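A.B. asks: Fold the following and give me the result.
(one chain, ligands or ions: 2)
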Amino acid sequence: MPPSPEPTPNQADAPPYALIVMGVSGSGKSTLGAELARRLRCAFLEGDAFHSADSVAKMRSGQPLDDQDRWPWLDRIAAGLRNAARTDGTAVAACSALKRVYRDRLAEAVGMPLLFVFLDTKDSGELARRLAHRTEHYMPASLLASQLDTLEELGPDERAVTLDAEDAPDRLCAEALAWIGHEMPSAAEIPADARPRS
Ligand SMILES: Nc1ncnc2c1ncn2[C@@H]1O[C@H](COP(=O)(O)OP(=O)(O)OP(=O)(O)O)[C@@H](O)[C@H]1O
Ligand SMILES: O=C(O)[C@H](O)[C@@H](O)[C@H](O)[C@H](O)CO
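C.D. replies: Ligands and ions are numbered 1, 2, ... in the order given. Take a look at the predicted model:
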């Protein structure tokens with residue numbers, strides 16, 4: 001079977017789609033998401049930047065977020081993804097998207113095919129070490145346990161690929177691009193009102 005074609009930047013006439021790199025804190029969402037956006041020549045939206053100041057202060061103080069903290073955050077990310085993808089043909093966001101209900105809300109709000117790249121871990125110790133070494137970030141390593149407890153498995157109906165968060169960044173990028181190349185949505189899936197503005 002020939003290898004999946006690596007996706008090129010979404011063609012001008014191709015229907016838009018959005019991508020979210022998801023997973024717990026420290027799994028590598030921002031690192032992979034930024035590289036995917038560079039390779040796809042599209043916008044990268046750092047989910048951390050969409051939190052309210054109160055939510056950042058809450059996490060910084062060692063308290064996990066709850067649904068009420070996350071709903072407006074998820075809506076802001078979805079709006080940003082939708083606008084960027086309608087302009088560029090696609091867009092990538094880094095967002096933990098821990099619960100299925102969060103992912104469904106994102107997909108509903110984005111209003112176009114939404115693909116998830118899930119960075120899964122079998123070794124939370126590796127992630128804890130990454131967080132411990134990260135200095136310029138509000139997220140304490142102590143919140144990793146609550147992240148893992150909140151994370152819900154992907155359903156078989158979710159359009160997602162699961163990668164190993166402990167793999168090397170270049171391997172993760174190659175695997176993600178190969179899957180995206182296979183998954184590029186057909187025009188038929190795009191609601192008429194989500195097509196790029198002519
Ligand atoms: N594949 C990888 N292998 C080893 N280290 C990595 C990998 N990906 C990211 N890192 C490192 O792990 C730390 C966390 O990475 P990153 O910020 O991308 O994770 P994140 O999931 O976005 O975290 P958060 O959700 O807390 O923002 C960084 O120091 C980064 O350099
Ligand atoms: O509660 C959550 O869903 C997570 O805390 C994320 O929203 C954090 O912003 C991210 O992991 C930064 O560390």
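
A.B. asks: for the chain, which spans come out with low pLDDT?
C.D. replies: 1-9, 11-12, 185-198 (pLDDT under 70).

A.B. asks: Kindly recompute the last result at 80.
C.D. replies: Along the chain, segments meeting pLDDT under 80 span 1-13, 184-198.

A.B. asks: Number of residues surrounding the residue in it that ligand 1 sits nearest to?
C.D. replies: Closest residue of the chain to ligand 1, Cβ to the nearest ligand atom: residue 28 (2.9 Å). C-beta coordinates here come from the backbone N, C-alpha and C atoms, glycine included. Here the number of neighbours of residue 28 (other Cβ atoms under 10 Å) works out to 21.

A.B. asks: mind checking how far it is from residue 115?
C.D. replies: 17 Å (Cβ to Cβ, to the nearest Å).

A.B. asks: all helices of the protein, in order?
C.D. replies: 29-40, 53-60, 67-88, 100-110, 124-133, 144-150, 169-183 (DSSP state H).

A.B. asks: which helices and strands does the fourth one pack with?
C.D. replies: Packed against helix 100-110, as judged by 3 or more Cβ pairs under 8 Å, 6 or more residues apart in numbering; DSSP states H and E, are the following elements: strand 17-22, helix 67-88, strand 114-120.

A.B. asks: same thing but 7 Å
C.D. replies: helix 67-88, strand 114-120 (3 or more Cβ pairs under 7 Å, 6 or more residues apart in numbering; DSSP states H and E).

A.B. asks: any residues touching it, and which ones?
C.D. replies: 18, 20, 70, 74-75, 77-79, 81-82, 97, 114, 116, 152, 155, 158 (Cβ atoms under 7 Å, 6 or more residues apart in numbering).

A.B. asks: ok so, going back, pick the most buried one from the helices and strands packed on helix 100-110.
C.D. replies: strand 114-120 (a mean of 22; mean count of other Cβ atoms under 10 Å).
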